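Q: model this:
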Amino acid sequence: MLIKSVNGKSPRIPEDCYVAENATIVGDVSFGESCSVWFNAVIRGDVNFIKIGNKVNIQDGAVIHCTYKKHPTVIGNNVSIGHNAIVHGCVINDNVLIGMGAIVMDNCTIESNSIVAAGAVVTQNTTVESGSIWAGVPAKKVKDIDQSDFAGEIERISNNYVMYSGWFKEE
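A: Here you go, the predicted structure:
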């Protein structure tokens with residue numbers, strides 16, 4: 001793993017977090033407990049800070065970045081960032097799933113208990129309302145979570161990634 005200080009700021013990663021050998025974490029990045037950062041993920045807190053809550057998984061190939069002098073990135077608790085997603089200069093609240101290949105752009109807010117579907121592009125300055133599923137390019141609300149098959153999936157995925165990281169920590 002590449003963990004590097006930038007401009008005197010170093011990543012803060014609790015011991016119970018799992019970081020894959022080829023993940024990159026640089027600069028002003030702080031993690032809560034029970035997080036995992038998977039293969040080829042990049043978390044760049046070089047131009048602003050990145051704050052990550054508890055039980056967050058950042059899956060393979062995901063990129064977390066922020067905007068110089070404008071937008072940090074703040075991620076709440078119990079969040080799954082899917083494979084190859086890009087999360088940039090935004091706020092993601094608790095109990096959120098960002099699907100594979102999704103893009104969340106500057107100054108967006110993803111409210112709690114919501115899903116950004118795989119491949120969706122949440123354009124700058126958008127608020128995704130709590131309890132909703134957004135999909136498409138540009139992303140738009142497609143349904144409420146309680147009216148979908150995804151109720152319970154956010155928690156299930158987050159818990160699974162805590163379990164998966166345990167497999168790798170045992171090796």
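Q: all helices for this structure, in order.
A: Ranges of helices within the chain are 153-170, based on DSSP state H.
Q: tell me where it is predicted with low confidence.
A: Per-residue confidence for the chain (pLDDT under 70) gives these ranges: 151, 170-171.
Q: what's near enough to touch the residue nearest in space to the middle of the chain?
A: The residue lying closest to the centre of the chain (Cα atoms, centre = their mean) is Ile81, at 3.9 Å. By Cβ atoms under 8 Å, 6 or more residues apart in numbering, Ile81 lies in contact with Val56, Asn57, Ile58, Gln59, Ala62, Ile64, Ile75, Val87, Ile98. All C-beta atoms are positioned from the backbone trio N, CA, C, and that covers glycine.
Q: nearest to Val47 among these?
A: Comparing the contacts of Ile81 against Val47 with Cβ to Cβ places Ile64 closest, at 12.2 Å.
Q: ok, what's across the strand from the closest one?
A: Ile64 has these beta-bridge partners by DSSP bridges: Ile43, Val87.
Q: then Ser132?
A: For Ser132, the beta-bridge partners are Asp144 (DSSP bridges).
Q: that one against Ile145, yeah?
A: Yes. Using Cβ atoms under 8 Å, Ser132 is in contact with Ile145, at 6.7 Å.
Q: pull up the overlap in contacts between these two.
A: Shared contacts of Ser132 and Ile145, counting by Cβ under 8 Å, 6+ apart, come down to Ser114, Ile115.
Q: tell me the buried residues in stretch 60-72?
A: Going by neighbour count (16 or more other Cβ atoms under 10 Å), the buried part of stretch 60-72 is Asp60, Gly61, Ala62, Val63, Ile64, His65, Cys66, Thr67, His71, Pro72.
Q: phi and psi next, for Asp60.
A: The phi/psi pair for Asp60 (degrees, to the nearest 10) reads phi -50, psi 130.
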